[in-house]
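**Student:** give me coordinates for this.
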Amino acid sequence: MRHYHSLEEISVTNAWLTIGVFDGVHRGHREIIRKLTTDAHAHNAPAILLTFEPHPASVLSGQNIKCLTTSDERADLLASLGVDIVITQRFTRDLSTATAFEYMSQLKQTLGLKRLLIGYDFALGKGREGNANRLTEIGKELDYEVEVVNALGDESGVISSTEIRKLVATGNVTEAAKLLGYNYTLSGEVIHGAERGRQIGFPTANVDYPKQKSTPSNGIYACWAHLGNEKFMAATNIGFNPTFTPERQVASLEAYLLDFDRDIYGQQVSLEFVSRIRDEWKFTTVEALIEKIHGDVKKTEELLTGK
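**Tutor:** A predicted model of the protein is given here:
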C-alpha cells in the first residue's frame, strides 16, 4: 500500500475511489471499503481512498475534534483491508471553498477517475453542494460513474465515528470496540516519569501518546500491551494521579505490564483498551493505594483471561 499526503504527489489512471474522513475505520466504513476493493480489483483497477487531516469539521467550526486514529494508523488499517493507495490531503479553508466541479475535475485529471463510491449522506465542495445527485451530474460530464453505498447499522442505529468518540470519552471502551470492530488503541514511546510506581512495587510504562487522539475518561482499564511482536496483560491508568499530583493538568497514561521486568524506555508500546475497571481515586495513604492496585491487577487478569 502507498500512502501519499497530497494530490500533487500522485499520478495514476483508471482509479476506483472513495472519499471521506474514515476516522477509526469502523465497521460502517468497512462496508464501503470492502465493496471498493472487491470491485476495483475485479476490474484490475487501483482501489484508492482519499481522506483528510485535520478533520474538516474542526477547520470549519473551530472545534477541537479528537480523532480515533492518526493518519498513519488509519492508513495501516486501510492497507490491511486491501486498499492500494491512501491519500491524506490537508484540509484547509481554501480547500473548503472549491466547488464540487472544481474538485472533481482535479481528481479526474490526477487519478484518471473511473468510478466513485460514496456513502448515502456524503457531500463535498463549497456549501456541501456536491451530493450524490450533483456528483452524478458532474460524472456524466467528466466521464466517471457514481455508486452510493448504504450505511451499515446495528441495533443501536447507524454506526458513526461521532458516537464512538462519545463512548471512548466516557470510558465505555467495550461498547466502542463493538462498533469499531477492534479494541480502541493508544500508542506511543515509553518515557521517563516520576517512577513512583517502581517505588511502591508496581513499575509502570509511562506512554507519550498522541494528544490529538480521543482519550478514554480518567480511570483504570484492563488492556493488552503490544511491545514489538510480544503481548502482555496490562493494568492501565489514565489520569492526573491525584494521590501524588492533584495539580496535573494533562492526563498521563501509565501501564503496569503483568509478569514483566525489562527496561523499555524509548521503545514503542500500543495499549488495546478492553474494559474499564474503575474510576481514578485519590487515596489518603500509600498503603491503601497499593492494596487497591493489587485488586486492579487481579481484575485485569480476570477480564483478559476470562478466569
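
**Student:** confirm Val269 sits in a strand?
**Tutor:** Yes - applying DSSP: H, G, I helix; E, B strand; the rest coil, one finds Val269 inside a strand.

**Student:** what residues are up against it?
**Tutor:** For Val269, the contacting residues are 187-190, 205, 207, 225-227, 255, by Cβ atoms under 8 Å, 6 or more residues apart in numbering. For every residue, glycine as well, the C-beta is placed using N, CA and C.

**Student:** Leu17 now?
**Tutor:** Leu17 neighbours (Cβ under 8 Å, 6+ apart): 36, 48-50, 107, 111, 113, 115-117.

**Student:** give the burial count for Gln267, as a bare number.
**Tutor:** Residues within reach of Gln267, counting by other Cβ atoms under 10 Å, total 12.

**Student:** how is the protein divided into domains?
**Tutor:** 2-157, 164-305 (automatic domain parsing).

**Student:** redo those domains as JSON lines? Include mean pLDDT.
**Tutor:** Converted to JSON lines, those look like this (pLDDT from 0 to 100):
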{"stretch": "domain 2-157", "mean pLDDT": "92"}
{"stretch": "domain 164-305", "mean pLDDT": "88"}
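
**Student:** partners of Val86 in the sheet?
**Tutor:** Note on Val86: beta-bridge partners by DSSP bridges are His3, Leu49.

**Student:** look up how far Gly20 lies from it.
**Tutor:** Separation of Val86 from Gly20 (Cβ to Cβ, to the nearest Å): 12 Å.

**Student:** please enumerate the strands of the stretch 101-250 of the chain.
**Tutor:** Listed in chain order, the strands of the stretch 101-250 of the chain (DSSP state E, counting those that start in this stretch) span 115-119, 145-149, 153-154, 157-158, 184-191, 205-208, 219-227, 230-239.

**Student:** who touches the longest one?
**Tutor:** In other words, strand 230-239. 204-205, 215-225, 251-260, 271, 273, 277, 280, 293, 296-297, 299-301, 304-305.

**Student:** go ahead and flag the most central residue of this protein.
**Tutor:** For the chain, Thr69 is the residue whose C-alpha lies nearest the centre (Cα atoms, centre = their mean; 2.1 Å).

**Student:** need the nearest residue in space to that residue, chain neighbours excluded.
**Tutor:** Gly24 (5.6 Å; Cβ to Cβ, 6 or more residues apart in numbering).

**Student:** which SS class is that neighbour?
**Tutor:** What three-state DSSP gives for Gly24 is coil.

**Student:** could you give the number of residues near it?
**Tutor:** 27.

**Student:** related to what we said a few turns ago, for Asp259, see how far away the residue nearest to the centre of the chain is.
**Tutor:** Between Thr69 and Asp259 the computed distance is 30 Å (Cβ to Cβ).

**Student:** cool, Leu180 as well?
**Tutor:** With distances taken as Cβ to Cβ, Leu180 is found 28 Å from Asp259.

**Student:** the more surrounded of the two?
**Tutor:** Using other Cβ under 10 Å as the criterion, Leu180 and Asp259 rank with Leu180 on top: 26 against 7.

**Student:** and that one, how far is that from Arg2?
**Tutor:** To Arg2, Leu180 is 25 Å away according to Cβ to Cβ.

**Student:** what about the helices in the chain?
**Tutor:** 27-42, 56-61, 71-80, 93-96, 100-111, 132-142, 161-169, 173-180, 196-199, 286-305 (DSSP state H).

**Student:** quick one, the fifth one and strand 115-119 angle?
**Tutor:** With axes from the mean of the first three to the mean of the last three Cα atoms, to 10 degrees as the basis, helix 100-111 and strand 115-119 are set at 130 degrees to each other.

**Student:** likewise the longest one?
**Tutor:** Relative orientation of helix 286-305 and strand 115-119, computed by the same axes, to 10 degrees: 130 degrees.

**Student:** and helix 286-305, how far out from the chain middle?
**Tutor:** 28 Å (Cα atoms, centre = their mean, to the nearest Å).

**Student:** who's in contact with it?
**Tutor:** 200-202, 220, 222-224, 233-235, 243, 256, 258, 274-275, 277-278, 281, 283, 307.

**Student:** list only buried entries from those.
**Tutor:** Neighbour counting with 16 or more other Cβ atoms under 10 Å marks 202, 220, 222-224, 233-235, 243, 256, 274-275, 277 as buried within the contacts of helix 286-305.

**Student:** same list (these) but as JSON lines, adding distance to Glu147.
**Tutor:** Formatted as JSON lines, these follow (distance: Cβ to Cβ, whole Å):
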{"residue": "Phe202", "distance to Glu147": "54"}
{"residue": "Ile220", "distance to Glu147": "46"}
{"residue": "Ala222", "distance to Glu147": "42"}
{"residue": "Cys223", "distance to Glu147": "39"}
{"residue": "Trp224", "distance to Glu147": "38"}
{"residue": "Met233", "distance to Glu147": "44"}
{"residue": "Ala234", "distance to Glu147": "43"}
{"residue": "Ala235", "distance to Glu147": "47"}
{"residue": "Thr243", "distance to Glu147": "56"}
{"residue": "Tyr256", "distance to Glu147": "49"}
{"residue": "Val274", "distance to Glu147": "37"}
{"residue": "Ser275", "distance to Glu147": "39"}
{"residue": "Ile277", "distance to Glu147": "45"}
